[in-house]
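**Student:** structure, please.
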Amino acid sequence: MHKRGKDIVIAACDEHLLGKTLRKGLIKFVIKPSFYGGKLILLNELVEYVEKGTIINLVGNAVVKEASKRWPILMDGAVEIDGVLHVQWIRR
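**Tutor:** Model prediction:
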């Protein structure tokens, strides 16, 4: 969880992806511990955190699929990079 002005940014990734780099064509996606790292939570706790955020950034098949159980529209905006789902959501 990060605060950016009036926004609360929720950044979550599948634990095994932390510190990895994903590539697809010209895209290079670095899953930085400084952004995605922090508190380790159980997958079933993810919705509780996402509900608090105004900007949501999720990377990893497990976290994206878990969040999409509550908000199915997330799958419409998800992209796949190197076989891994990634979604960004701005809620106002």
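
**Student:** just the endpoints, please. Distance across stretch 57-74?
**Tutor:** Taking C-alpha to C-alpha, to the nearest Å as the measure, stretch 57-74 stretches 11 Å from start to finish.

**Student:** let me redo that: stretch 40-55
**Tutor:** End-to-end distance of stretch 40-55 (C-alpha to C-alpha): 19 Å.

**Student:** just stretch 57-75 next, same as before
**Tutor:** End-to-end distance of stretch 57-75 (C-alpha to C-alpha): 13 Å.

**Student:** ok, now stretch 23-30?
**Tutor:** Using C-alpha to C-alpha, the distance between the terminal residues of stretch 23-30 is 9 Å.

**Student:** check which residues of it are buried.
**Tutor:** Residues residue 29 are the ones in stretch 23-30 that count as buried (16 or more other C-beta atoms under 10 Å). In short, each C-beta sits where N, CA and C put it, glycine included.

**Student:** residue ranges of the helices in this structure, please?
**Tutor:** 33-36, 46-50, 61-70, 74-77 (DSSP state H).

**Student:** determine how far the first one lies from the middle of the whole chain.
**Tutor:** Spelled out, that is helix 33-36. Offset of helix 33-36 from its chain centre (C-alpha atoms, centre = their mean, to the nearest Å): 11 Å.
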